[in-house]
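# here is my input, please return the structure:
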Amino acid sequence: MLYFLYGTDTEKARKKLHSFLNMAKEKRPDAEVFRLTSENWNEATFDELLISRGLFEAKYTVILDNLFEKKEIKDFVLERLESVAKSEQIFFLIEPRVDAPIVKKVSKYAKQTQEFTKGELKPEGSIFSITDGLVSKDKKKLWISYLDFLEKGIGPEEIHGIFFWQVKNMILVAKSKNPADTGLSPFVYRNASLGAKKYSEKELMTMSSQLVDMTHRVRQGKGDLDVMLEKWILTI
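Residues are numbered from 1 along each chain as shown. Sure thing, here's the model as predicted:
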């Protein structure tokens with residue numbers, strides 16, 4: 001699975017990367033994180049990381065950090081994009097400067113592509129829109145969005161991660177009197193603050209606990225995540 005973050009506003013891009021990594025850690029706390037840069041680049045290591053099972057039994061996350069500054073590395077990675085996209089592991093490709101043909105080629109294989117410029121965040125077909133119904137406490141809107149994303153092939157695990165991320169943001173806002181204390185970007189803060197006004201802090205804490213409990217029950221084979229999420233949506 002590949003996520004592609006690019007653009008000249010590297011601060012925003014890396015904040016988003018850290019947000020993704022935090023979500024991945026919540027879902028897979030034992031997963032190891034590998035970071036490949038142009039300084040520690042090794043073709044054999046990269047190819048090994050494409051093997052989802054066998055060499056590495058546990059789940060892991062791979063950060064491909066500004067590799068395209070060197071043409072030989074860029075060409076090597078581009079030739080393996082299909083394998084990266086099909087991998088069971090999570091790959092993040094983060095690049096500050098890429099031309100339009102490269103963006104088009106990488107986006108073809110990416111689960112999600114986001115551009116970061118010296119302005120507002122520009123999501124492309126962002127799954128984060130699924131939280132609109134959550135922050136507005138519009139159960140019907142949220143349920144319809146959930147079914148729509150499932151139909152588009154977005155996995156329940158990814159949707160679960162987005163829900164958990166947004167609930168955590170709303171809790172941060174509810175607990176904080178100063179926006180700067182939350183560490184959230186202005187865009188994310190504004191969105192989360194809408195939800196913090198719709199729910200009590202107790203409700204938000206309960207929602208967070210319920211989402212965490214879902215992952216435990218799935219691991220124990222006590223149900224399917226897509227069914228759990230739908231029931232959760234219809235009861236919040």
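# Val84 should be in a helix, yeah?
Yes: in this structure, Val84 lies within a helix as judged by DSSP: H, G, I helix; E, B strand; the rest coil.
# so who does it touch?
Neighbouring residues of Val84 by Cβ atoms under 8 Å, 6 or more residues apart in numbering: Leu2, Leu50, Val77, Phe91, Tyr109. (C-beta placed from N, C-alpha, C; glycine too.)
# Ser129: which of these is nearest?
For the contacts of Val84, the residue nearest Ser129 by Cβ to Cβ is Leu2; the value is 20.1 Å.
# tell me who's in contact with the closest one.
Leu81, Val84, Ala85, Ser87, Phe91, Phe92, Leu93, Val106, Tyr109, Ala110, Lys111.
# can you give me the helices in the protein?
For the chain, helices defined by DSSP state H occupy the ranges 10-27, 43-49, 71-78, 81-86, 100-109, 132-135, 139-151, 156-175, 179-182, 186-198, 201-219, 225-235.
# of all those helices, which one is nearest Phe34?
helix 43-49 (6.2 Å).
# residues in contact with the closest one?
Phe34, Leu36, Leu55, Phe56, Tyr60, Val62, Phe76, Val77, Arg80, Gln89.
# for those residues, which one is nearest Pro179?
For these, the nearest to Pro179 is Val62 (32.8 Å; Cβ to Cβ).
# beta-bridge partners for that closest one, please?
On the basis of DSSP bridges, Val62 is bridged to Phe34, Phe91.
# which of the contacts of helix 43-49 are buried? Put it as a ChimeraX command.
Only the buried entries of the contacts of helix 43-49 go into this ChimeraX selection, using 16 or more other Cβ atoms under 10 Å:
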select :34,36,60,62,77,89
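# just the contacts of helix 43-49 now: which is nearest His160?
Closest to His160, out of all of the contacts of helix 43-49 and judged by Cβ to Cβ, is Gln89, at 17.8 Å.
# right, and that closest one touches Ser83 too?
No: the pair Gln89 / Ser83 is not scored as a contact, 10.9 Å apart, by Cβ atoms under 8 Å.
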